[in-house]
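Asks: What follows is a protein structure lacking sequence information:
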């Protein structure tokens, strides 16, 4: 029981003890037993009312604080569930680029007739540029097959034989024209092998970097070139689109011959 309640009871007891007993003085006012009981009942009722008011208020405050705490917890749980549900990936979200289907031409039989889509012709000093281009073209979302001399030539093979085989086993050829390219005898040999295979077949893609057009070999000046000086990524995209377009055109040209053979 709270200390103030105890003190109040002590006070009532003390007052009742100090009250003088009923005397038989002739002038005293006598109270009947029924009246005395009514007075005690009223006094007890007032004491009980005080206790109800005192502890009932504390109980209401406690219930209100519990209700407030419960509502705060519920609101926190609702907020957490909403945030967690919103953080879940939507089923209607677009798939990543790696899951985007490749062009149908890359699964054609005409494309599989050769081992490589692109043969990257470069010098040893430009190996980083060649690897960067091959990495872009061989990305899973593009799916081309590239030939790099340092990576794909077997050990112990003759350089001239392997270069010639790579040229003949590729659909297109990218010539990385740099100042080092013009000074490399094997690069010039590879360039002439490419020209002998298809000079006007849209299979040769000269990619120029750190050079002006006036320094391009005379054998290649009749071809449109890809400029890698300003923006390499854009130049890489042009190379990819050119190779893809050639493969599409090749498949379209071979369709009538295949249909005629099947009809005959």
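Replies: Now that the structure is in, tell me what you want to look at. All of these numbers come straight from a predicted model, not from anything done at the bench.

Asks: gap between the two ends of stretch 143-151?
Replies: Distance across stretch 143-151, first residue to last, is 18 Å (Cα to Cα, to the nearest Å).

Asks: average model confidence for it?
Replies: Averaging pLDDT along stretch 143-151 gives 94.

Asks: buried residues in it?
Replies: Buried residues in stretch 143-151, defined by neighbour count with 16 or more other Cβ atoms under 10 Å: 144-149. From N, CA and C alone the C-beta is placed, and that goes for glycine too.

Asks: Show me what it is in contact with.
Replies: Residues from elsewhere that reach stretch 143-151 (Cβ atoms under 8 Å, 6 or more residues apart in numbering): 102, 106, 115-120, 122, 124, 127, 130-131, 133-134, 137-138, 162-163, 166, 169-170, 240, 243-244.

Asks: change it to 6 Å
Replies: Stretch 143-151 is touched from outside by 102, 106, 116-120, 130, 134, 137-138, 166, 170, with contacts defined as Cβ atoms under 6 Å, 6 or more residues apart in numbering.

Asks: Over to stretch 153-166?
Replies: Here stretch 153-166 makes contact (Cβ under 6 Å, 6+ apart) with 119, 147, 190, 193.

Asks: one step back: which two of the buried residues of stretch 143-151 have the greatest separation?
Replies: For the buried residues of stretch 143-151, the farthest-apart pair by Cβ to Cβ is 144 and 149; their separation is 17.0 Å.

Asks: Need the contacts of stretch 153-166 in CSV (columns: distance to residue 205 and secondary structure).
Replies: Listed next are the contacts of stretch 153-166 as CSV, based on distance: Cβ to Cβ, whole Å; DSSP: H, G, I helix; E, B strand; the rest coil:
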residue, distance to residue 205, secondary structure
119, 10, strand
147, 14, strand
190, 14, helix
193, 15, helix
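
Asks: what's the closest of these to residue 224?
Replies: For those, the closest approach to residue 224 (Cβ to Cβ) belongs to residue 119, at 18.6 Å.

Asks: mind checking how far that closest one is from residue 222?
Replies: Residue 119 sits 20 Å away from residue 222, going by Cβ to Cβ, to the nearest Å.

Asks: Adding secondary structure, pLDDT and distance to residue 234, write the contacts of stretch 143-151 out as a markdown table.
Replies: Compiled in a markdown table, the contacts of stretch 143-151 are given as follows (DSSP: H, G, I helix; E, B strand; the rest coil; pLDDT from 0 to 100; distance: Cβ to Cβ, whole Å):
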| residue | secondary structure | pLDDT | distance to residue 234 |
| --- | --- | --- | --- |
| 102 | coil | 85 | 21 |
| 106 | helix | 90 | 22 |
| 116 | strand | 96 | 24 |
| 117 | strand | 96 | 20 |
| 118 | strand | 96 | 17 |
| 119 | strand | 96 | 22 |
| 120 | strand | 97 | 18 |
| 130 | helix | 96 | 18 |
| 134 | helix | 96 | 17 |
| 137 | helix | 96 | 14 |
| 138 | coil | 96 | 18 |
| 166 | helix | 93 | 27 |
| 170 | strand | 95 | 23 |
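
Asks: out of those residues, which are buried?
Replies: 106, 116-120, 130, 134, 137, 166, 170.

Asks: Greatest separation within those residues: which pair is it?
Replies: Maximum pairwise distance in the buried ones among the contacts of stretch 143-151, criterion Cβ to Cβ, is 21.8 Å, between 106 and 130.

Asks: Run through who's touching stretch 169-179.
Replies: By Cβ under 6 Å, 6+ apart, the surrounding residues in contact with stretch 169-179 are 114-122, 126, 147, 194, 203-211, 239, 243, 246.

Asks: Now, of these, which are buried?
Replies: Neighbour counting with 16+ other Cβ under 10 Å marks 116-122, 126, 147, 194, 203-209, 211, 239, 243, 246 as buried within those.
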